[in-house]
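Colleague: take a look and give me a structure for this.
(chains A and B)
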Amino acid sequence: MLNVYKRLWQVNWAEQWQYRANLVMYLLFWLVSPVVYLAVWTTIARSQGSVGGLTPNDFVTYYMTLLIVDQLTSEITIHIFAYKIQDGTLSGELIRPIHPMLTNTLVNNIAFKALTLMTLVPVWAVLWMLFQPDFSSVTWQGILLALPAVLLGFAVSFLIGATLTCVAFWTTRVWALVEFYWALVVLFSGQFVPLQLMPGIVQQIARFLPFQLYKYFPIELVLGRLSQSEILFGYGMGLFWLLVASLLFRWTWRNGLKQFSAVGA
Amino acid sequence: MHTLRVIQTFLKINIQTSLAYRADMVINILLNLMWLGWELLSLSIIFSNTNTLGGWGPAELIALLGVFRLVNTLMAGLLWPNTEKFNASVRDGSLDYTLLLPANSQFLVSFARITIWRAWDLILAFILIAVGIKMGGDTTSTLSILNFLMLTISGAVVIYSLWIVLIAFTFWFTKFDNNVTILQALLDSGRYPATIYPAWLRIIVTFIVPIAVATTVPLQALRGDLTGWNVLLFIGVGVASFLVASRVWKAGVRRYSGASS
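Modeller: Numbers count the residues shown, from 1 in each chain, chains lettered A, B, ... in the order given. Next comes the predicted model:
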């Protein structure tokens, strides 16, 4: 099995390298909205000293950490898999004695991630020089504590992304559903603003949803802003959603496959 | 007259095609409303924490959101679908047929595809702008509203011209087919006034990819931040960029040699 993954890695890595020109554009996409939000909130914080207890520097460190965490926990399954269901090319992969989603697609996700992270390093360095953030609140313990959370965030987002993609087995068109999902992520993940500045009700709901695992929870762990009970609760919720997402994916994959009729192939 | 008839025909064709996907249209409009809800919520979150965003109040940001949505509609309803068609037609050589038609080729390439349901988005944008101006109250004069409207149009022309230049580049560099992504990538910066951005980002969105010229600048005219000369300057920029774009387009067409022939 390890050999399978190794070979798939070589294939997918080479495949992703082809698209390195697109990568620059993709990175711009990735960069613009956090930098815009950073500008918005630091402007406000600077004009009145702080916002809800957060100083300008707190916002800078938040969004700069977000750029990395977001890169690590995000997934592109829907972009690389949904069309295979729609045009029937999935049938070729189904003949192989390995799970298409948990091998090929997963490795492709990781290859993409590795490449974008490589590009992100110089960009991040430039941003560091431009914004001169003070990361003194970050400790090794904080980073070590955040690593499992990042992994958990990626696992959950990958499984939910895969589940949504599998809806294509029934409806062939999934983009509307996916757009709705993205809206939920924007609202509850802490992408727009650190969750503590959201309206109370949004915060309460966000605590029980998987989306804060994608961004807010790992970021705050890195920055060392969470209390012990919050950390325990966050991890508990994370494990719970990992279980739910795995079960959901198992169910949609198995039942979806029965619907699959290899359109056009 | 001729041009009007061609536009009419394009509209008819596009309405007919889109009527085949009525359910899609309804879903798209619902999703669009959902995003509007999110945008308004994010503004209310901002203004529950502060009275002013770098000197800009809620009324101005609502009007800005309207202008932003206008630019967004221009891109999503017109520019992206036509880019797709154009890129495909360069690749397979069907651009030949467009060039052979007895009409301005730049015009044909720009309006062949129109995403009809986006008309709804246009209405929303106008409502947002009207609400924003109304909320602003007495501080806005008729002259500043007039300036605002003119600069909104000239800003849209600047974006359109940049788009024409970007797709015309395909005539020189055939592999340049993700040409317009840069416009799309920086679009989000139009949601907030560029005056609050760090200098480097402000320079990018003003001079390199002028999203701010189409969003922030008209709003500055509405606020009365711009002098008469400034307004004339930006109108001049709009006219000049359109002329340059047409020249580039013509030069590109002359270079085009067809893919299949």
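Colleague: next to chain B, which bits of the stretch 151-265 of chain A? Give me the list.
Modeller: A:176, A:179, A:180, A:183, A:186, A:187, A:192, A:193, A:197, A:198, A:199 (C-beta under 8 Å from any C-beta of the partner chain). To be clear about C-beta, it is placed using only N, CA and C from the backbone, and glycine gets the same treatment.
Colleague: count of neighbours near residue B:28?
Modeller: 20 (other C-beta atoms under 10 Å in any protein chain shown).
Colleague: what is the nearest of the residues of the stretch 151-265 of chain A next to chain B to residue B:21?
Modeller: residue A:176 (11.8 Å; C-beta to C-beta).
Colleague: what about that closest one, helix or strand, and which?
Modeller: Remark: residue A:176 resides in helix A:175-188, with elements defined by DSSP states H and E.
Colleague: so what secondary structure elements neighbour that helix?
Modeller: helix A:140-166, helix A:200-207, helix B:22-49 (3 or more C-beta pairs under 8 Å, 6 or more residues apart in numbering or on different chains; DSSP states H and E).
Colleague: TSV for those helices, including distance to residue B:232?
Modeller: As requested, the helices and strands packed on helix A:175-188 are exported to TSV (distance: least, C-beta to C-beta, whole Å):
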stretch	distance to residue B:232
helix A:140-166	51
helix A:200-207	46
helix B:22-49	32
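Colleague: deepest of those helices, which one?
Modeller: Mean neighbour count (mean count of other C-beta atoms under 10 Å in any protein chain shown) peaks for helix A:140-166 among the helices and strands packed on helix A:175-188, with a mean of 20.
Colleague: I'd like to know which elements that one is packed against.
Modeller: Going by 3+ C-beta pairs under 8 Å, 6+ apart, helix A:140-166 lies up against helix A:56-73, helix A:77-87, helix A:175-188, helix A:216-223, helix A:228-259.
Colleague: repeat that with 10 Å
Modeller: For helix A:140-166, the contact count by 3 or more C-beta pairs under 10 Å, 6 or more residues apart in numbering or on different chains; DSSP states H and E identifies helix A:56-73, helix A:77-87, helix A:106-131, helix A:175-188, helix A:216-223, helix A:228-259 as packing neighbours.
Colleague: spatially central residue for the chain, please.
Modeller: Picked chain A for this. residue A:74 (2.1 Å; C-alpha atoms, centre = their mean).
Colleague: chain B is the one I meant
Modeller: So for chain B, C-alpha atoms, centre = their mean, it's residue B:71, sitting 3.2 Å from the centre.
Colleague: how near is that residue to chain A?
Modeller: According to C-beta to the nearest C-beta, to the nearest Å, residue B:71 and chain A sit 15 Å apart.
Colleague: list the contacts for that residue?
Modeller: By C-beta atoms under 10 Å, 6 or more residues apart in numbering or on different chains, residue B:71 lies in contact with B:79, B:125, B:152, B:155-156, B:159, B:183, B:187, B:190, B:211, B:214-215, B:218.
Colleague: these also near chain A: which ones?
Modeller: With C-beta under 10 Å from any C-beta of the partner chain as the criterion, the contacts of residue B:71 include B:187, B:190, B:211 near chain A.
Colleague: quick check: phi and psi on residue B:140?
Modeller: phi -100, psi 130 (degrees, to the nearest 10).
Colleague: isn't it up against residue B:130?
Modeller: No: using C-beta atoms under 10 Å, residue B:140 is not in contact with residue B:130, being 11.7 Å away.
Colleague: can you list residues touching both of the two?
Modeller: By C-beta under 10 Å, 6+ apart, residue B:140 and residue B:130 have these common neighbours: residue B:63.
Colleague: how many other residues sit next to residue A:212?
Modeller: Residues near residue A:212, counting by other C-beta under 10 Å, number 24.
Colleague: separation between it and residue A:165?
Modeller: 22 Å (C-beta to C-beta, to the nearest Å).
Colleague: so what's the residue nearest to the centre of chain A up against?
Modeller: Residue A:74 neighbours (C-beta under 10 Å, 6+ apart): A:30, A:109, A:112-113, A:116, A:153-154, A:157-158, A:161, A:185, A:214-215.
Colleague: do residue A:139 as well
Modeller: Counted by C-beta under 10 Å, 6+ apart, residue A:139 has contacts A:145, A:222, A:223, A:224.
Colleague: re earlier: which one of the contacts of residue B:71 is nearest to chain A?
Modeller: Comparing these against chain A with C-beta to the nearest C-beta places residue B:187 closest, at 8.1 Å.
Colleague: the closest one contacts residue B:68, doesn't it?
Modeller: Yes: counting by C-beta under 10 Å, residue B:187 touches residue B:68, with 8.3 Å between them.
Colleague: quick check: neighbours shared by the two?
Modeller: B:211, B:214, B:215.
Colleague: filter the residues you listed to the buried ones?
Modeller: Buried positions within those, assessed by neighbour count (16 or more other C-beta atoms under 10 Å in any protein chain shown), are B:211, B:214, B:215.
Colleague: where along chain B do the strands fall?
Modeller: Taking DSSP state E, chain B contains no strands at all.
Colleague: which residue packs closest to the residue in the stretch 151-265 of chain A that chain B sits nearest to, ignoring adjacent ones?
Modeller: With C-beta to the nearest C-beta as the measure, residue A:176 is the residue of the stretch 151-265 of chain A nearest to chain B, at 4.7 Å. Nearest residue to residue A:176 in three dimensions, chain neighbours excluded: residue B:27, at 4.7 Å (C-beta to C-beta, 6 or more residues apart in numbering or on different chains).
Colleague: circling back: residue B:140 and residue B:130: which is more packed in?
Modeller: Neighbours were counted for residue B:140 and for residue B:130 using other C-beta under 10 Å; residue B:140 has more, 20 against 13.
Colleague: low-confidence ranges in the stretch 51-200 of chain A?
Modeller: A:172 (pLDDT under 70).
Colleague: shouldn't residue A:7 be in contact with residue A:96?
Modeller: No: here residue A:7 lies out of contact with residue A:96, judged by C-beta under 10 Å, at a distance of 11.7 Å.
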